[in-house]
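Student: Sequence and predicted structure below; questions after.
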Amino acid sequence: MPPHSYAIHRLAHVGNYPGPRPSGTRSSMEGDALSVSINPDAWRQIAHVRGPTVVLERCDGRPGRFVDGRAALSSAIAWGFSAGLLHEMPAWEVSWLDEETGDERFVLVNDRKTAKSWRYEHEDAVIERTTVAVEAGAFQVDLVAAFGTSHEPRHPCCLPELINRYIATTDPEADGVWYDDQLDPDGLSAPRGGILPHRLVAWRVVEVRQPADQDRGLRLG
């Protein structure tokens, strides 16, 4: 069964709009996709982004179709292995309870010594040996991608490019990927998505607001 998808008419990109560009040009949390949202004011607060708010619509007036990134993740990982883009390697997982949010948090590291060092900051942390999927050619865990909570999969390979590439290959008519995260700017969370590079030609800029203008009042979604 195909992953769930969202139909969205209008989206905003916060920052300068680069226009269509080749796949593999990473520029945001969405990897090589153009980062977009329906809550640009929240993302200004979260990411401290300067520059204009660029509002986009599809050229044909139809809503864009955005695949649920988290629902697609397990299929993307299986596809990555079968396509030779991923391989498995040993790692160490350190997990602890975040007293402020109640979430279990974790980090994946390359060796036991590094894992034990996390106990200086989290005395009750649990350390376990595990295996993780990483990009082909990688032989250590990328710490930038190895943090998470109990709500997220424990695979540092799951950079946005993997999901983007999976969707672009298996569902090329999809406009992009969407992560329906909780709207909580103070907690650094808000819904977000990305328009895939090969689909940017199907979108047009309909409004540009400068940073001095308020994003509130924009009709998005």
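Tutor: That came through, no problem. What you see is a predicted model, and the numbers here were worked out from it, not measured in a lab.

Student: Which residues are in contact with Trp118?
Tutor: 94, 96, 107, 109, 125, 127 (C-beta atoms under 8 Å, 6 or more residues apart in numbering). Bear in mind the C-beta positions are built from the backbone N, C-alpha and C, glycine included.

Student: could you redo the last one with a cut-off of 10 Å?
Tutor: By C-beta atoms under 10 Å, 6 or more residues apart in numbering, the contact set of Trp118 is 92, 94-96, 106-107, 109, 125, 127.

Student: ditto for Asp124
Tutor: Asp124 makes contacts with 95-97, as judged by C-beta under 10 Å, 6+ apart.

Student: so which of these would you say is closest to Ala133?
Tutor: Ser95 (18.2 Å; C-beta to C-beta).

Student: looking at this, the closest one is in a strand?
Tutor: Yes. With DSSP: H, G, I helix; E, B strand; the rest coil as the criterion, Ser95 is part of a strand.

Student: how deep is the nearest residue to it once chain neighbours are set aside tucked in, by neighbour count?
Tutor: Using C-beta to C-beta, 6 or more residues apart in numbering and skipping residues adjacent in sequence, the residue nearest Ser95 is Phe106, 4.2 Å away. By other C-beta atoms under 10 Å, the residues close to Phe106 number 21.

Student: SS state for Phe106?
Tutor: strand.

Student: What of Asp181?
Tutor: Per three-state DSSP, the local secondary structure of Asp181 is coil.

Student: Can you pull the phi and psi angles for it?
Tutor: Per-residue torsions, Asp181: phi -70, psi 160 (degrees, to the nearest 10).
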